[in-house]
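J.: Here is my input, please return the structure:
(chains A and B)
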Number of protein chains: 2
Amino acid sequence: MIKIAIDAMGGDFGPKPIVEGCIQALKHKLFIPILVGRKSEILPLLPKRYRDKISIVEADDVISMDDAATDAVKRKESSIYKAIELVKNGEAQGLVSAGHSGATMTLATLRLGRLKGVLRPALVALMPTKSSRKSVILDVGANVDSKAEHLLQFAVMGGCYAEDMFKITTPSIGLLANGEEKSKGNDVTKAAFKLLDGYKGFKGNVEGSDIFNASCDVIVCDGFVGNLVLKASEGVASTISGLIKEYIRKSPVAITGALLMRKVFKLLKKQMSYEEIGGAPLIGIQGCAIVSHGKSTPKAIKNAIFQAINYVDTGVNTHIVERLEALKNKEV
Amino acid sequence: MIKIAIDAMGGDFGPKPIVEGCIQALKHKLFIPILVGRKSEILPLLPKRYRDKISIVEADDVISMDDAATDAVKRKESSIYKAIELVKNGEAQGLVSAGHSGATMTLATLRLGRLKGVLRPALVALMPTKSSRKSVILDVGANVDSKAEHLLQFAVMGGCYAEDMFKITTPSIGLLANGEEKSKGNDVTKAAFKLLDGYKGFKGNVEGSDIFNASCDVIVCDGFVGNLVLKASEGVASTISGLIKEYIRKSPVAITGALLMRKVFKLLKKQMSYEEIGGAPLIGIQGCAIVSHGKSTPKAIKNAIFQAINYVDTGVNTHIVERLEALKNKEV
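T.: Okay, the predicted model is just below:
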């Protein structure tokens, strides 16, 4: 059975939502969760009937959001370090952490190592679209100043991910740029365009709006750009939702209207919410690491765990290694 | 009285919304509009009582969205070329175009020239926030591969713009990066951070979400990044609005709810809508050019004209030249 190591301590709200998310996940899927953190804090949160289904690995130290990611390598007693070691030693196949994302990415890359042929691991976000499909966008923050050959590899890794996770035979791959024409882009994306030209599924440049209109399965960009686009998008969505709430509060008629529209808002939330996705896989490492938001709810943690299970289940890592090898031999 | 040249032909829907927007603007402000385009198409759209208030300059050619921006320099009979010549010759003080934005920016830069000391003009977007203020973000598409010294100048120009247009004494200026810490950023933004450190109002790195939370008056980024962030944000907003409409249509109860919430949606539209802004000024050129969306409505054109009038009125260009000179002499 798949074993998933879960950093129980790293989230903004302590172990409670993490442990609850873990229990929720157990209700739906068969897997073995290993919670890593302070036993004294975790155990009281575990109902008795779950104590034999969940193991706890003691880790006394917690890397906080204020710590530098580079310090993480020395903090061997931290929950994230120990969770990653479980994967490294084969005691777990994947890990989930809502802790310091820089520390998680640094440790996962350094301790687990990169997959054969991978130059740089990338962080993958699943973005909501107007349709039921999510779009796969990478890199959203593992790297800055990517080179063209990195973007090429992001395309390959994102393509394998979409094939395996969403069962898309030939995922369409777009390169994020400031216009659709081939002449558009910055120096790096123009060079990446040349490398990608002719690659299976590559459809050329796509624009910022294409992330949400489901016109493309995989969208490739540098991590600096991806991070900004992701956070700006979250910012727009939260501004709109905040304004709607504010305007509703001011009008009794609108309050009644909002009650009648409850189902609409519920559907919208389900479609757009980060909770439904739960986390971003760091792709390109030997193993599986899902990076979750510090503010993750139990539901987000549950979905992050599901992501980890699927990631391990589909064998996407083997697929990536083979595809990169084939690309090197000009077979794809 | 301020004269504004208006490219009547360039928009996606022909001269109709442009002419209507021009008439709407005349109802609210005193200025002299000069419509540039095919007289035979413009004249029938002008009610008789406006014919002596609006001049028309004949221009037979129109640069379409499919044309290359670089060709624009040769198309001397085009409406955008002629509108820019009016500004160059002092027959108008500003121009508005909903035509090919690349052509407008190229022509305005080449024909009008850069302001003294300006390395690269930048496109300025006014972004809606949760408060009544807009945030000023630049560059959103005039340049790609900006260097640190360009970003420094964008900060200076954006700061002058916010001071003059929004009467903010010391606008806070943020550098768009993948995290707030000084250590965050890519090579270019890290170098720009050093140049900006100590500049009046500079508050360090800001993140994608800061564009909409009104935490910062001016946000500085490379045009490649700015374009992506802008289009992704528009994409999110339009996806949310599309989904709400789709879900409402499916439920009679929700339709009633939506009717009761009409005022809320109207306020939200007013707050978030591009129409209320109307266009993006190209800052750093000798003159004033407002770049509007091809799909601009009459209301958007009206607001773009108001922007042009204010831009000219406030004398922001003189301000920019003085500030850059002072920066060179290390006086600011």
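J.: Number of residues surrounding A:K48?
T.: Neighbour count of A:K48, defined by other CB atoms under 10 Å in any protein chain shown: 6. C-beta: built from backbone N, CA, C; applies to glycine.
J.: need the contact list for it.
T.: Neighbouring residues of A:K48 by CB atoms under 8 Å, 6 or more residues apart in numbering or on different chains: there are none.
J.: In the stretch 101-250 of chain A, mark out all the strands, start to finish.
T.: In the stretch 101-250 of chain A, the strands defined using DSSP state E, counting those that start in this stretch lie at A:122-128, A:134-138, A:173-176, A:202-206, A:218-220.
J.: which residues touch A:A191?
T.: A:K147, A:A148.
J.: Which pLDDT value goes with it?
T.: We note a pLDDT of 98 for A:A191 in this prediction.
J.: ditto for the one 4 residues further on
T.: At A:L195 the predicted local confidence, pLDDT, stands at 97.
J.: From what I see, it and A:L152 are in contact.
T.: Yes: contact criterion CB atoms under 8 Å: A:L195 and A:L152 qualify, at 4.4 Å.
J.: Looking at those two, which is more packed in?
T.: Between A:L195 and A:L152, A:L152 has the larger neighbour count (other CB under 10 Å), namely 24 against 17.
J.: by contact count, what packs against the helix or strand bottoming out on mean pLDDT in chain A?
T.: Ranked by mean pLDDT, DSSP states H and E, the weakest helix or strand in chain A is helix A:262-272, scoring a mean of 89. If contacts are counted by 3 or more CB pairs under 8 Å, 6 or more residues apart in numbering or on different chains; DSSP states H and E, helix A:262-272 sits against helix B:223-249, helix B:252-260.
J.: just to revisit the earlier point, tell me which of the strands of the stretch 101-250 of chain A sits most buried.
T.: strand A:218-220 (a mean of 30; mean count of other CB atoms under 10 Å in any protein chain shown).
J.: just to revisit the earlier point, highest mean neighbour count out of the helices and strands packed on helix A:262-272?
T.: Mean neighbours per residue, mean count of other CB under 10 Å, is largest over the helices and strands packed on helix A:262-272 for helix B:223-249, with a mean of 22.
J.: now it against helix A:223-249, angle please.
T.: Helix B:223-249 and helix A:223-249 are oriented at 40 degrees to each other (axes from the mean of the first three to the mean of the last three CA atoms, to 10 degrees).
J.: Taking strand A:202-206 as reference, get the angle to helix B:223-249.
T.: Calculated by the same axes, to 10 degrees, helix B:223-249 forms an angle of 100 degrees with strand A:202-206.
J.: Can you spell out which helices and strands pack onto helix B:223-249?
T.: Applying 3+ CB pairs under 8 Å, 6+ apart, one finds that helix B:223-249 contacts helix A:223-249, helix A:262-272, strand B:122-128, strand B:134-138, strand B:173-176, helix B:252-260.
J.: just to revisit the earlier point, centre of the chain to the following helix or strand past the least confident helix or strand of chain A, how far?
T.: If you walk from helix A:262-272 toward the C-terminus, the next helix or strand you reach (DSSP states H and E) is strand A:280-283. Remark: strand A:280-283 is offset 5 Å from the chain centroid, using CA atoms, centre = their mean, to the nearest Å.
J.: ok, residues contacting strand A:280-283?
T.: Residues contacting strand A:280-283 (CB under 8 Å, 6+ apart): A:104-105, A:108-109, A:121-126, A:138, A:140, A:142, A:157-158, A:161, A:288-292, A:307-308, A:311, A:316, A:320.
J.: before we move on, back to that, can I get the least confident helix or strand of chain A in PDB, CA atoms only?
T.: Extracted C-alpha coordinates of helix A:262-272, given in PDB (Å, rounded to 0.1, in the frame of the first residue of the first chain):
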ATOM      1  CA  ARG A 262     -26.200  30.300  -2.700                       C
ATOM      2  CA  LYS A 263     -26.000  27.300  -5.000                       C
ATOM      3  CA  VAL A 264     -24.300  29.500  -7.700                       C
ATOM      4  CA  PHE A 265     -21.600  30.700  -5.300                       C
ATOM      5  CA  LYS A 266     -21.100  27.200  -4.000                       C
ATOM      6  CA  LEU A 267     -20.500  25.900  -7.500                       C
ATOM      7  CA  LEU A 268     -18.200  28.800  -8.300                       C
ATOM      8  CA  LYS A 269     -16.200  28.200  -5.100                       C
ATOM      9  CA  LYS A 270     -15.900  24.500  -6.000                       C
ATOM     10  CA  GLN A 271     -14.700  25.400  -9.500                       C
ATOM     11  CA  MET A 272     -12.200  28.100  -8.600                       C
END
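J.: Identify each buried residue in it, please.
T.: By neighbour count on 16 or more other CB atoms under 10 Å in any protein chain shown, the buried set for helix A:262-272 is A:V264, A:F265, A:L267, A:L268, A:Q271, A:M272.
J.: which ones are touching the residue nearest to the fourth one when sequence neighbours are not counted?
T.: Counting by CB to CB, 6 or more residues apart in numbering or on different chains, B:L243 is the residue found nearest to A:L268 once chain neighbours are left out, at 5.5 Å. Neighbour list for B:L243: A:K130, A:L267, A:L268, A:Q271, A:M272 [criterion: CB under 8 Å, 6+ apart].
J.: closest to A:L230 among the residues you listed?
T.: A:M272 (13.2 Å; CB to CB).
J.: so the closest one touches A:P128, yeah?
T.: Yes: with contact defined as CB under 8 Å, A:M272 counts as touching A:P128 (4.8 Å).
J.: where does the residue minimising distance to the centre of chain A land on pLDDT?
T.: The centre of chain A sits closest to A:A280, judged by CA atoms, centre = their mean, with a distance of 0.4 Å. According to the prediction, A:A280 has pLDDT 95.
J.: Show me what it is bridged to.
T.: Going by DSSP bridges, A:A280 is paired in beta bridges with A:V291.
J.: Next one: it from A:S135, what distance?
T.: Separation of A:A280 from A:S135 (CB to CB, to the nearest Å): 13 Å.
J.: Overlap of the contact sets of those two?
T.: What both A:A280 and A:S135 touch, as defined by CB under 8 Å, 6+ apart, is the set A:L126.
J.: now the helices and strands packed on helix A:262-272 in a markdown table, with mean pLDDT?
T.: Shown next, in a markdown table, are the helices and strands packed on helix A:262-272 (pLDDT from 0 to 100):
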| stretch | mean pLDDT |
| --- | --- |
| helix B:223-249 | 93 |
| helix B:252-260 | 92 |
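J.: Export the ones you listed as TSV, with columns for distance to A:S78.
T.: Formatted as TSV, these follow (distance: least, CB to CB, whole Å):
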stretch	distance to A:S78
helix B:223-249	34
helix B:252-260	48
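J.: mind checking which of the ones you listed is nearest A:D61?
T.: Of all the helices and strands packed on helix A:262-272, helix B:223-249 comes closest under CB to CB, at 36.7 Å.
J.: Could you chop chain A up by domain?
T.: Following automatic domain parsing, chain A resolves into domains at A:3-116+A:284-314, A:122-274.
J.: can you give me the end-to-end distance of the first one?
T.: Domain A:3-116+A:284-314 stretches 15 Å from its first residue to its last (CA to CA, to the nearest Å).
J.: Off-centre distance for that domain?
T.: Distance, centroid of domain A:3-116+A:284-314 to centroid of chain: 13 Å (CA atoms, centre = their mean).
J.: Enumerate every residue touching whatever residue of the stretch 1-150 of chain A ends up closest to chain B.
T.: Going by CB to the nearest CB, chain B is nearest to A:V144 of the stretch 1-150 of chain A, at 4.2 Å. Under the criterion of CB under 8 Å, 6+ apart, the neighbours of A:V144 are A:D222, A:G223, A:F224, B:N178, B:G185, B:N186, B:D187.
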